[in-house]
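Q: Quick one, structure for this:
(one chain, ligands or ions: 1)
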Amino acid sequence: MMSLNEEIARRRTFAIISHPDAGKTTLTEKLLLFGGAIHVAGAVKSNKIKKTATSDWMEIEKQRGISVATSVMGFNYGDYKINILDTPGHQDFAEDTYRTLTAVDSVIIVVDVAKGVERQTRKLMEVCRMRNTPVIIFVNKLDREGRDPFDILDELESELKIRVRPLSWPINIGEKFKGVYNIFEQSLDLFTPDKQRVSERVEIDSVDDPRIDVAVGEADASKLREDLELIEGVYPEFNVAEYLDGKVAPVFFGSALNTFGVKELLDCFVQIAPAPRPTQSEERVINPEEEGFSGFVFKIHANMDPNHRSCIAFVKICSGKFERNAPYKHIRLGKTLKFAAPTAFMAQKKNVVDEAYPGDIVGIPDTGNFKIGDTITSGENLHFKGLPSFSPEMFKYIENADPMKSKQLDKGVQQLMDEGVAQLFTNQFNGRRIIGTVGQLQFEVIQYRLEHEYGAQCRWEPISLYKACWIESDDAEALAAFKKRKFQFMATDKEGRDVFLADSNYVLQMAQSDFPKIRFHFSSEF
Ligand code: G4P
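A: Prediction:
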C-alpha cells in the first residue's frame, strides 16, 4: 500500500490547450496510446464538435454525452498516475476551459508550426499566467511545411509573454523533415512517417557524434550543430524551478499525427511537471499532504436525458484521501453528505471508486446540491477561491416568451448559470436580465436546454454592449458617485457584485480616466 504522500507524488494532473485544429485531440490520443489506455488511434476523435459553427444539435448532444466519458482521462504511465482534463474544442465554450484550468497543476500547449500562436491560445495563456501555471509547449505538424523554428520561438515569447527554452530541435521541416534532436536527453530520433509506430532512436554520445552525420547526412548535421550552438548562446540553460514558477516554458517539436516527438514530450513531462500543488482557499493555503479531505467542484455536467434532472459534479481533490460513503461537509449548504457512487475515469472507463487522492477528479452524481465553485471537506470550513469569470464577449437580453412558464424560465436560467453555461447580469436600472457569453453557440445551447429541460421559452433581444467589467474602490464615496453617474449602466452579477456595462471602448476609456479611484476588472477574480 502506498502512503498518501507517495500517491500524491506520482500524480500529474494537466490539460492540453490549443487553438482548434492545432492537434490537441491527436496529441491526447497519442498520450493515451502510450499509457495503454486505448489501443487504436481514432478512439478519441469523436470528442469534439467539428469546427463548423453551425448549430447541429445532434452533434452538441453527442458531444455532451461523449465528454462525460472523456472529461477526465486517467491512466498509469510507469510509476506515474496521469490525469488529463479535457477541454472543449469549440471556442464558444472557452469559459469551460478557463475553469478547467483552475483544476490542473500544469498545461501542455499545442501550436501548429505553420500557423504559430493563434487567438485562442493567446487567451488561454493569459489564464495560465494569472495563476503561474507551468506550461510546456509542443510545436506540432513538423511533417508539413511551416515556419522557421527560431521564428516560432520568437513568436511564442512575444505572443504568449513567457520565456521559452527549446528542449528538442527539428532537423528540417516538411518534406525534408528528418527527425528531432532531443536536447533534454541528448539523443537523436529519426522520423519515419508512421501513425502508430514509435520513432527510431540513434544512440549518440554528444552533438559531435559522427553517427549523427551518418544518420541525417553531413549538411543537415552541421546545420543542426550550428543551430544548437545558437540555442545555447541565446537561451539560458533550462531551469526546472523557473518552469515550475511559470517563468519559462520548455518547447518540444514533433508531429502528433505521426507519433513523433510525443514520447519525448511525455517522458520529460512526467519528470518535470509538478505533482499536485497547494491550493489557496480564502482561509489559508491547503497542502495536498494534509490529512483532512478537501476538494471543489470545477465542472458540472448535466444529464442528456431531460427526464432525469440529474448531473455529474466534477470534484477536484485538493487534500487528503477521498473515500466513498464518508461523511463530507458541503460548505455552502452547511450540510453533511455521503457519496455512494463516486466515479473515476480510468482508461476511458467510468468506474465507481472507493478512494481517490489529491490531483484526482471524481464525478459525483448529483440532483441539484452542487454549483460550480462549491467546496466539500471532511469538516473544516474552507472556501476555495479562484474560479474566475471573464468579461464575456457577447451580450443579449433574455426575455420570457411564454408568460405561463415564467417560473420554469427563472429556475432554468438560475440552474444553467450555476452550472456555468454563461453569465447573468441584472441591470439595476430596468431590472432586465442580460446573458453574457463567449460565443453565439452558447445562446443556442441555453435556448435549447431551457426548452428541453425546463419547458421554458426564451427570446433574445439585442443589446449593444462592448464590455462588462467588475468595479471596486477603496473609496466608498467615489464608488457611490460612480454608480450614481452611471446608474443606467450598472448591473449586478449573480453574486451581487457591481458590474459596469460599457457600451463602447470609448465610454470605457473615458470612465477609466474620469474616475481614477475606481478599479475596473475584466475577470471576477481580483
Ligand atoms: P484539435 O483537437 O486541436 O482541433 O486538432 P486535431 O487533433 O483534431 O487535429 C486537427 C487536424 O490536424 C486533423 O486533421 C489532424 O489529423 C491533423 N494533424 C494533427 N497532428 C498532425 C501532424 O502532426 N501532422 C499533420 N500533417 N497533421 C496533423 P483533419 O483533417 O481535421 O482531421 P482528420 O479527419 O484527418 O482526422
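Q: can you list the residues of the stretch 251-400 of the chain near the ligand?
A: Listed as neighbours of the ligand in the stretch 251-400 of the chain under the rule CB under 6 Å from any ligand atom: 255-258. Where C-beta positions appear, they are placed from N, C-alpha and C, glycine not excepted.
Q: Widest-spaced pair of those residues?
A: Within those, Ala256 and Asn258 form the most distant pair, 7.5 Å apart (CB to CB).
Q: Which one's more surrounded, these two?
A: Ala256 (26 against 22; other CB atoms under 10 Å).
Q: Per-residue pLDDT of that one, please?
A: Ala256 is assigned a pLDDT of 93 by the prediction.
Q: Likewise for the one 10 residues further on?
A: The predicted structure scores Leu266 at 94 on the pLDDT scale.
Q: That one should be in a strand, yeah?
A: No. Using DSSP: H, G, I helix; E, B strand; the rest coil, the assignment for Leu266 is helix, not a strand.
Q: Low-confidence regions, the stretch 301-450 of the chain specifically.
A: For the stretch 301-450 of the chain, residues meeting the criterion pLDDT under 70 lie at 303-309, 346-349, 386-387.
Q: any idea how the protein splits into domains?
A: Domain assignment for the chain, taken from the TED database, gives 14-69+86-98+105-275, 280-377, 394-521.
Q: and Ala491, that's in a helix?
A: No. Under the criterion used here (three-state DSSP), Ala491 is strand, not part of a helix.
Q: pretty sure it contacts Lys483?
A: No. Using CB atoms under 8 Å, Ala491 is not in contact with Lys483, being 10.7 Å away.
Q: And the helices in the stretch 151-300 of the chain, which stretches?
A: Under the criterion DSSP state H, counting those that start in this stretch, helices of the stretch 151-300 of the chain are mapped to 210-216, 218-234, 240-244, 262-272.
Q: got those helices as CSV, with mean neighbour count and distance to Pro358 columns?
A: CSV is the format used below for these (neighbours: other CB atoms under 10 Å; distance: least, CB to CB, whole Å):
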stretch, mean neighbour count, distance to Pro358
helix 210-216, 16, 43
helix 218-234, 14, 37
helix 240-244, 15, 17
helix 262-272, 20, 17
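Q: rank these by mean pLDDT and give me the bottom one.
A: Mean pLDDT, when computed for each of the helices of the stretch 151-300 of the chain, is lowest for helix 210-216, at a mean of 89.
Q: what about the closest residue to the ligand within the stretch 51-200 of the chain, how many residues close to it?
A: Using CB to the nearest ligand atom, the single residue of the stretch 51-200 of the chain nearest to the ligand is Lys141, 3.9 Å away. Lys141 sits with 26 neighbouring residues when counted by other CB under 10 Å.
Q: Contacts only, for it.
A: Going by CB atoms under 8 Å, 6 or more residues apart in numbering, Lys141 touches 22-23, 112-114, 255-257.
Q: Now with 6 Å, please.
A: Contact partners of Lys141, counting by CB atoms under 6 Å, 6 or more residues apart in numbering, are 112-113.
Q: now do Ile463
A: 395, 397.
Q: thinking again about what came up before, distance to Arg201 added to the residues of the stretch 251-400 of the chain next to the ligand, as CSV?
A: Shown next, in CSV, are these (distance: CB to CB, whole Å):
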residue, distance to Arg201
Ser255, 16
Ala256, 18
Leu257, 20
Asn258, 15
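Q: taking these one by one, which sit in strands?
A: Within these, no residue falls in strands by DSSP state E.
Q: Tyr181: which of those residues is nearest?
A: Sorting these by how near they are to Tyr181, with CB to CB, puts Ser255 at the top with 15.0 Å.
Q: out of everything not next to it in sequence, what's closest to the closest one?
A: Asp143 (4.4 Å; CB to CB, 6 or more residues apart in numbering).
Q: who touches the one you found in this structure?
A: If a contact means CB under 6 Å, 6+ apart, then Asp143 has 177, 255, 258 as its contacts.
Q: Return the backbone torsion pair for it.
A: Main-chain torsions, Asp143, degrees, to the nearest 10: phi -70, psi -10.
Q: can you check Glu6 too?
A: Torsion angles, degrees, to the nearest 10, at Glu6: phi -70, psi -40.
Q: so how far is Ala273 from it?
A: Remark: distance between Glu6 and Ala273 (CB to CB, to the nearest Å) = 17 Å.
Q: ditto for Glu289
A: When distance is defined by CB to CB, Glu289 is 18 Å away from Ala273.
Q: same question, Gly179
A: Distance, Gly179 to Ala273, by CB to CB: 25 Å.
Q: can you check Ala356 too?
A: For Ala356 relative to Ala273 (CB to CB), the value is 19 Å.
Q: repeat for Phe425
A: Applying CB to CB to Phe425 and Ala273 gives a distance of 38 Å.
Q: Can you pull the residues of the stretch 101-250 of the chain lying near the ligand?
A: Of all the residues in the stretch 101-250 of the chain, those lying near the ligand are 140-141, 143-144, going by CB under 6 Å from any ligand atom.
Q: which among these gets closest to Thr367?
A: Among those, and counting by CB to CB, the member closest to Thr367 is Asn140, at 41.6 Å.
Q: Have a look at Ala356 and Ala273 and say which one is more surrounded.
A: Applying other CB under 10 Å to Ala356 and Ala273 shows that Ala273 carries more neighbours, namely 25 against 22.
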